[in-house]
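> Structure for the following, please:
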Amino acid sequence: CKTGGTVRDLRERFQHSPDTISKIIHRLLDMIVSPTFYNRYIKLPDAQQTPPEIRNDPKLYPFFKDCRGAIDGTHIEAFVPDEAMARYRNRK
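The predicted structure follows:
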């Protein structure tokens, strides 16, 4: 889940079985990667240019100079509590 939730969280939220939640997630993923949806809504950033939000920020540029953006080209700042930081290292 984008919010860091689990299938269990979705099951509780929507009151459906894990099997139903799994099927719906797979259907959504299939829809997102379908040519009809992908070609219309997914816009990949220019492969030759680092986004200005990264290029112009001295805190970000050294670490993300080769970054080309997320699906929509947006960089999202995230802050993790110090005690949880080790769990989030080397994650995409």
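> Helices of this protein, start to end?
In the chain, the helices defined using DSSP state H lie at 7-14, 18-33, 35-41, 52-55, 61-64.
> So what touches the third one?
It stands for helix 35-41. 31, 32 (C-beta atoms under 8 Å, 6 or more residues apart in numbering). Heads up, the C-betas are built off the backbone N, CA and C, glycines and all.
> How far does it sit from its chain's centre?
How far helix 35-41 lies from its chain's middle: 18 Å, per C-alpha atoms, centre = their mean, to the nearest Å.
> Restricting the selection to alpha carbons, write it to PDB.
Only the C-alpha atoms of helix 35-41 are listed here, as PDB (Å, rounded to 0.1, in the frame of the first residue of the first chain):
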ATOM      1  CA  PRO A  35      -1.400  -0.300 -22.900                       C
ATOM      2  CA  THR A  36      -4.600   1.700 -22.900                       C
ATOM      3  CA  PHE A  37      -4.000   3.100 -19.400                       C
ATOM      4  CA  TYR A  38      -0.200   3.200 -19.500                       C
ATOM      5  CA  ASN A  39       0.000   5.100 -22.800                       C
ATOM      6  CA  ARG A  40      -2.600   7.600 -21.800                       C
ATOM      7  CA  TYR A  41      -1.600   8.400 -18.200                       C
END
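> Same list (the helices of the chain) but as CSV, adding distance to residue 87 and mean pLDDT.
Shown next, in CSV, are the helices of the chain (distance: least, C-beta to C-beta, whole Å; pLDDT from 0 to 100):
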stretch, distance to residue 87, mean pLDDT
helix 7-14, 17, 86
helix 18-33, 23, 90
helix 35-41, 32, 88
helix 52-55, 25, 81
helix 61-64, 19, 83
